[in-house]
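1. predicted coordinates and the sequence they were generated for:
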Amino acid sequence: MMILVSVSSFMYLMGLLSFSLNRKHLLLMLLSLEFVVVALFLLLYLFLCVYNWEFYFLMVFLTMSVCEGALGLSLLVLLMRTYGNNYMISFNLLW
């Protein structure tokens, strides 16, 4: 059980590292955010298993993460149609 917690924590940290290093491409930023969400889901699942609590909160968490992913992809499609690429440098009108 402890090794799963350490693997999930490592996944979380690597997701945050890739999010901070890949700040030029919006699609790579969204993928690293989804990786962080998967790592948090694993940590939350392990936490709920250890304390024998109900798993209803996992469904709420998954619902919110799916909504976050759909919102990110819709913004990506909107920006691709408006600007033609997904480089964050070309979005100078947004800053």
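-> Structure received.
2. helix/strand/coil for the residue lying farthest from the centre of the chain?
-> In the chain, the residue that sits farthest from the middle, by Cα atoms, centre = their mean, is residue 52; the gap is 26.2 Å. Put simply, residue 52 is coil when judged by DSSP: H, G, I helix; E, B strand; the rest coil.
3. quickly note the distance from it to residue 43.
-> Distance of residue 52 to residue 43, computed by Cβ to Cβ, to the nearest Å: 17 Å. From N, CA and C alone the C-beta is placed, and that goes for glycine too.
4. cool, and residue 79?
-> 31 Å.
5. then residue 67?
-> Counting by Cβ to Cβ - residue 67 and residue 43 are separated by 20 Å.
6. and the two? which has more neighbours close in?
-> residue 43 (17 against 10; other Cβ atoms under 10 Å).
7. could you find the closest non-adjacent residue to the more buried one?
-> Nearest residue to residue 43, sequence neighbours excluded (Cβ to Cβ, 6 or more residues apart in numbering): residue 8, at 4.7 Å.
8. what secondary structure does that neighbour sit in?
-> helix.
9. show me what contacts it?
-> Shown in contact with residue 8 (Cβ atoms under 8 Å, 6 or more residues apart in numbering): 39, 42, 43, 46.
10. of these - the most surrounded one?
-> Busiest of the contacts of residue 8 [other Cβ under 10 Å] is residue 39, holding 20 neighbours.
11. check contacts around that one.
-> Contacts of residue 39 (Cβ under 8 Å, 6+ apart): 8, 9, 11, 12, 15.
12. cutoff 7 Å now
-> 8, 11, 12, 15 (Cβ atoms under 7 Å, 6 or more residues apart in numbering).
13. in the helix or strand of the chain at the bottom of the mean pLDDT ranking, what's buried?
-> The helix or strand of the chain with the poorest confidence is helix 56-83; it has a mean of 90 (mean pLDDT, DSSP states H and E). Using 16 or more other Cβ atoms under 10 Å as the test for burial, helix 56-83 gives 61, 65, 72, 79.
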